[in-house]
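*Asks:* A structural model of the following input is requested.
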Amino acid sequence: MEDVISPEGRDLGRAVCIITGASKGYGRTLALQMSRLLKPRSVLMLVARTADQLNQLKEDVITLYGHNKLDVRCVQADLEKKEGVEKTVQAVKETSVSEMDHLLLINNAASLGDVSRFALTFTDPSEVNRYLSLNVSSALSLTSGVLQAFPRGLGLRRTVVNISSLCALKPFPSWVLYCTGKAARDMMFRVLAEEEPDVRVLSYAPGPLDTDMQLQARRFSGDAQLRRSFSSMFSEGQLLSCNESGAKLIKLLLDDEYPSGAHLDFYEL
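*Replies:* Reported below is the predicted structural model:
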C-alpha cells in the first residue's frame with residue numbers, strides 16, 4: 001500500500017471513524033489509510049454486508065498497526081434495509097466518546113445499479129425505490145442517527161464525508177439510477193452543511209477507480225460510447241488506484257480548509 005503523506009504532527013485525532021462499504025474496493029483502502037492517521041485508542045468501525053471480508057480487513061489493520069493502537073469493530077449490516085441502518089447506529093451509540101476529539105463518518109457504501117438499461121425502461125417504482133434505499137435514504141438516516149448519537153456540545157469535532165462522483169453533476173446515458181442517487185446525495189449533504197454549521201461536510205468525487213464497479217461499468221453499460229470510453233481508460237492505464245485517490249481525500253481532511261458542503265473532485269486538487 002502506498003504511504004499516506006502526512007507531515008509530522010498531523011493526524012485525524014483520537015477519533016470514532018465509521019466507514020460504510022468497508023469490506024472491499026475503495027472502502028477497504030480508506031480503512032487501511034485512515035488507520036495510519038488515527039491516534040491510539042481511536043475506534044475504527046467497519047460497516048459492510050460481508051462478515052468474512054470485514055473480519056479479514058480487521059485482521060489486516062491489526063497486523064499492520066498493532067493490537068493496542070486501535071479498537072477495530074466490525075458491523076455486518078445491509079444498509080439497504082432499515083434494520084441494517086438501525087444496527088449500525090446502535091453500534092455507534094455503544095461507543096464511548098470519553099477522550100475522543102473527532103467523529104468522522106465516511107458514507108462510502110453505494111451500488112452502480114442496472115446500467116444496461118435506459119431511463120424509459122424503469123417503469124416499476126419498487127425497483128427504483130430499492131436502489132434509492134441503499135444509495136440515498138440509508139445515507140441520510142445513518143448520518144442523522146450518528147450525529148444524534150454524538151450531538152453538538154460534546155467537545156467533538158464532527159466530520160461527514162459523502163463519497164460522490166462526477167455523475168452527481170454530469171448525466172451519463174444508461175446510468176439514470178447512479179446519476180440520480182449521486183446528485184441527490186450531494187444536495188442532501190449540502191443541506192446538512194447549511195443546517196449544521198458546526199459539522200464539517202464534504203462530498204468528494206474520487207475519480208475513475210480501478211475497482212469491481214468499474215469492471216461492471218465497462219461490461220454492462222447500455223450506452224455503447226460510454227462503454228468504449230471506460231474500456232479505453234482501462235486499456236490505456238488511465239484509471240486511478242484507490243490508494244492514490246484515498247491519499248488526496250486524507251489530505252483534504254488533514255488540511256480542513258474546504259468550504260463545508262463543497263463537492264470536490266480528485267482532478268480539481
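*Asks:* Check what pLDDT the one residue sitting closest to the centre of the chain gets.
*Replies:* The centroid of the chain falls nearest to residue 108 when counting by C-alpha atoms, centre = their mean (1.9 Å). pLDDT for residue 108: 98.
*Asks:* wait, it sits on residue 163?
*Replies:* Yes: assessed by C-beta atoms under 8 Å, residue 108 is found in contact with residue 163 at 4.5 Å. Every residue, glycine included, has its C-beta placed from N, CA and C.
*Asks:* can you pull the buried residues of stretch 101-116?
*Replies:* Buried residues in stretch 101-116, counted by 16 or more other C-beta atoms under 10 Å: 101-115.
*Asks:* And the helices in this structure, which stretches?
*Replies:* Using DSSP state H, the helices of the chain run over 25-35, 51-65, 82-93, 125-132, 138-149, 176-195, 212-220, 224-235, 242-255.
*Asks:* Quick one: closest of these to residue 206.
*Replies:* Closest of the helices of the chain to residue 206 is helix 242-255, at 4.1 Å (criterion: C-beta to C-beta).
*Asks:* Against which helices or strands is that closest one packed?
*Replies:* Secondary-structure packing of helix 242-255 (3 or more C-beta pairs under 8 Å, 6 or more residues apart in numbering; DSSP states H and E): helix 25-35, strand 157-163, strand 199-205.
*Asks:* what would those look like in JSON lines with distance to residue 245 and mean pLDDT?
*Replies:* Listed next are the helices and strands packed on helix 242-255 as JSON lines, based on distance: least, C-beta to C-beta, whole Å; pLDDT from 0 to 100:
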{"stretch": "helix 25-35", "distance to residue 245": "7", "mean pLDDT": "97"}
{"stretch": "strand 157-163", "distance to residue 245": "10", "mean pLDDT": "98"}
{"stretch": "strand 199-205", "distance to residue 245": "9", "mean pLDDT": "98"}
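*Asks:* Tell me the pLDDT of residue 186.
*Replies:* At residue 186, pLDDT is 98.
*Asks:* Show the contacting residues for it.
*Replies:* Neighbouring residues of residue 186 by C-beta atoms under 8 Å, 6 or more residues apart in numbering: 162, 164, 168-169, 203, 263.
*Asks:* Is residue 139 in contact with residue 185, as I believe?
*Replies:* Yes: using C-beta under 8 Å, residue 139 is in contact with residue 185, at 5.8 Å.
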